[in-house]
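Need coordinates for the below:
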Amino acid sequence: MSRLKLFIPLMVFVVLAIFLLNGLSRDPNEMPSALIDRPVPAFSLPVLGDQQQMMDEKIFQGKPALFNVWGTWCIACRVEHPYLNKLAQQGVRIVGLNYKDDLAEAEKWLAEKGDPYELSVIDATGRLGLDLGVFGAPETYVVDANGTIRYKHVGVIDESVWQKKILPVWQQIQ
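The predicted structure follows:
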């Protein structure tokens, strides 16, 4: 029995090593969402640049869109922004969710760096972000013409991500 106790640390190590190796084979940006194939959560939020105007989830009815969570405080959003401008110039409809941001900074940023968004709603408290299951920014949801979320991408959208992950979903919902 005392010899068997000598092998317990080895067995624990082997089990832990198998668990960790399994984790290495997974994509860290692949974050499943409980909202896939469900409607965008109900909301009523002011529009950046015109806070008297309120917008709700009906913005997603009739035409597919990317729903992009962004903020000026987000370094990765700065990296992603030029590519979003390019997508918008190619006719991709993008709705922004300005997440827990300074509104003056957000308006200044869009004026200086270009505005790829049809409009951006202001989520100052993070309530819609919470309903969406946002972990941070940037995050992008592909929403079909019925307002149903079809895909969620966590992280920067660049040419590679667009071509390999988002474009196939985008083409399906067109």
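
Let's see the pLDDT reported for residue 23.
Per-residue pLDDT puts residue 23 at 51.

Leaving out chain neighbours, which residue sits closest to the residue positioned nearest the centre of the chain?
The centre of the chain sits closest to residue 139, judged by CA atoms, centre = their mean, with a distance of 1.6 Å. Nearest residue to residue 139 in three dimensions, chain neighbours excluded: residue 69, at 4.4 Å (CB to CB, 6 or more residues apart in numbering). For glycine as for every other residue, the C-beta is placed from the backbone atoms N, C-alpha and C.

quick one: the residue nearest to the centre of the chain and residue 154 touch, right?
Yes. With contact defined as CB atoms under 8 Å, residue 139 counts as touching residue 154 (5.2 Å).

pLDDT-wise, which helix or strand of the chain ranks last?
Every helix and strand of the chain was ranked by mean pLDDT, DSSP states H and E. The lowest is helix 2-24, at a mean of 61.

can you pull out the strands in the protein?
Along the chain, the stretches classed as strands by DSSP state E are 38-39, 44-47, 50-56, 65-70, 94-99, 119-123, 139-143, 148-154.

could those strands go into CSV alongside mean pLDDT and distance to residue 81?
Formatted as CSV, these follow (pLDDT from 0 to 100; distance: least, CB to CB, whole Å):
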stretch, mean pLDDT, distance to residue 81
strand 38-39, 97, 27
strand 44-47, 98, 19
strand 50-56, 97, 21
strand 65-70, 98, 8
strand 94-99, 98, 11
strand 119-123, 98, 12
strand 139-143, 98, 12
strand 148-154, 97, 15
